[in-house]
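**Q** No letters, just coordinates:
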């Protein structure tokens, strides 16, 4: 504890630029466990940047850790670019605007031009701005769907997607050399503006973004013709203005916004876990729907890069659809309608993260659309789009998605985009409404044609220093001793993305996995079921991705339950 207590004393003395920090540090005086949790490690700058609890200490999101990361980024940019520039955005979270301005001041002091939004904006708008202004990098202050005590610092490269492993590693090396009290350069915000080093981005940037989103419409008249009714909640985040604007443009006239969750509020008072994957995020929307039913309910997370939906079924009840189901429905709609319209490229390509449903591959095959599975992380999809664009083939990209409710159609952004996704979900719902069908019925038709896939994700949380060690222990144990069966079916293949080795347990052969290394294990059974184990890159948890394949919805659900129980047992026994 000596070194940690020395760190604590130093912060108590020097962390004076934010009075909240001194007050917090004084409140934990003598509490060794609280001090340990704040100082046992620095926040790691990975490919998702920084993410952590807001507060005092090296293991917290605060003025000093944000400025330290920004100084490291500035040193990296000044090494690699002659006249570097950075676009900055922020969401509705506690201290997001404060952190964004602090970052701008550090960059400007390092003679790096900054373009900053004048109000909170969705993450995909930041990705768009990086490319619009041809900046060397981008920063958005957000912690996505985490509870209100978290914030984060996501960093983008010059292509508009999150930094690659090599870039993030180099930035981290600069951060490690930076003393957060002695080595930070900063300049007064107003002075930097006067010197032309900080410039606010205008409304025209968002208008250009929305115009690009509109280009992804396939049946522009569908929403108005169907009289589609929508209830929308931005979950007190950034989606309120852009999502409403795009839905108005595409003809949604019956739009109600959940009043308690309309305005930005980083405390998320009505939804402590603002994640559109869970039913709690829809509670207020469902309450609003009691008075007047809507065809669909939409919920975007605080930085508006992910969207979830609930669909009114024939019984007058709302059913939440999974990220995999929405991804499959959108892919099927886009491919079928573009083929019908004659706008589907001959070499069309669709993409998903490898933990997302294999059902998408079957749908793509029906329309002779090539398919690519990539590692989890939308940057890999953004990277693929950028490569296509460099070859003059950007129009071949049809759609990319992740099971965690992230979707992108179009090449205007290099990250998942809930604005374009909300628009396409509404258009798709309207298109099928004109045929007398809701999206639940459409999904059931897809299952009937291609097979019943039940996908689920279970998260296991491991807080604090002890939790990190337990996560490492679990992954090491699984590598040393793999499970033998899934749902009473023999495991026939094990993919280790950390070693890049795929083992065929039937033939005994090994092949190389042609993807960047990642700490992920995948098990495939003889019955087609799979279990993928992956530590989160942004949160202290391990995720288990289950895929069950059956001849009926009931059978696949039953198998999925067995697989989830087996994943629980693995987590319990390997820690």
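**A** Noted; the coordinates are in hand. Only a predicted model underlies this, so the values are computations on that prediction, with no experimental measurement involved. Numbering: from 1, shown residues only.
**Q** Distance from stretch 8-19 to the middle of the chain?
**A** 33 Å (Cα atoms, centre = their mean, to the nearest Å).
**Q** Okay, strands next: where are they in the stretch 451-575 of the chain?
**A** 452-461, 485-486, 489-496, 501-504, 510-512, 521-525, 530-535, 541-550 (DSSP state E, counting those that start in this stretch).
**Q** the inter-axis angle of the last one versus strand 452-461?
**A** Okay, so that is strand 541-550. In terms of direction (axes from the mean of the first three to the mean of the last three Cα atoms, to 10 degrees), strand 541-550 departs from strand 452-461 by 160 degrees.
**Q** So which elements touch strand 541-550?
**A** Here strand 541-550 touches strand 452-461, helix 464-480, strand 530-535, helix 553-574, going by 3 or more Cβ pairs under 8 Å, 6 or more residues apart in numbering; DSSP states H and E. Where you see a C-beta, it was placed from the backbone N, CA and C, and this is true even at glycine.
**Q** who does that strand pair up with?
**A** Next to strand 541-550 in the sheet, as set by DSSP bridges, lie strand 452-461 (antiparallel), strand 530-535 (antiparallel).
**Q** what residues does the longest one touch?
**A** By that I understand strand 452-461. 322, 324, 356-359, 403-404, 447, 467, 536, 539-553, 555-557, 559-560, 564, 567-568, 571 (Cβ atoms under 8 Å, 6 or more residues apart in numbering).
**Q** now the shortest one
**A** Residues outside strand 530-535 that contact it (Cβ under 8 Å, 6+ apart): 354-355, 376, 471, 475, 478, 483, 486, 518-524, 541-547, 563, 566-567, 570.
**Q** ok so, going back, and the helices and strands packed on strand 541-550, which is most packed in?
**A** Stretch with highest mean neighbour count among the helices and strands packed on strand 541-550: strand 530-535 (a mean of 22; mean count of other Cβ atoms under 10 Å).
**Q** Check the offset of that strand from the chain's centre.
**A** The answer for strand 530-535 is 18 Å, by Cα atoms, centre = their mean.
**Q** now swap in stretch 485-505 and tell me
**A** On Cα atoms, centre = their mean, the centre of stretch 485-505 falls 27 Å from that of its chain.
**Q** what comes up buried for that stretch?
**A** By neighbour count with 16 or more other Cβ atoms under 10 Å, stretch 485-505 contains the buried residues 486-487, 491-497, 502-503, 505.
**Q** Span of that stretch from start to end?
**A** 12 Å (Cα to Cα, to the nearest Å).
**Q** quick one: average pLDDT of it?
**A** Averaging pLDDT along stretch 485-505 gives 94.
**Q** among the strands paired with strand 541-550, which is nearest residue 380?
**A** strand 530-535 (13.9 Å; Cβ to Cβ).
**Q** Tell me who's in contact with residue 51.
**A** 43, 61, 143, 146, 150-153, 538-539.
**Q** Tell me how far it lies from residue 44.
**A** According to Cβ to Cβ, to the nearest Å, residue 51 and residue 44 sit 9 Å apart.
**Q** Ok, residue 37 next?
**A** Residue 37 is 15 Å from residue 44, by Cβ to Cβ.
**Q** neighbour-wise, which of the two wins?
**A** Under the criterion of other Cβ atoms under 10 Å, the comparison of residue 37 against residue 44 puts residue 37 first, with 20 against 15.
**Q** for the more buried one, what are its contacts?
**A** Taking Cβ under 8 Å, 6+ apart, one finds 57, 59, 464-465 in contact with residue 37.
**Q** what angle sits between the strand or helix carrying it and helix 464-480?
**A** Taking DSSP states H and E as the criterion, residue 37 maps to helix 32-39. Here helix 32-39 runs at 70 degrees with respect to helix 464-480, directions being taken by the same axes, to 10 degrees.
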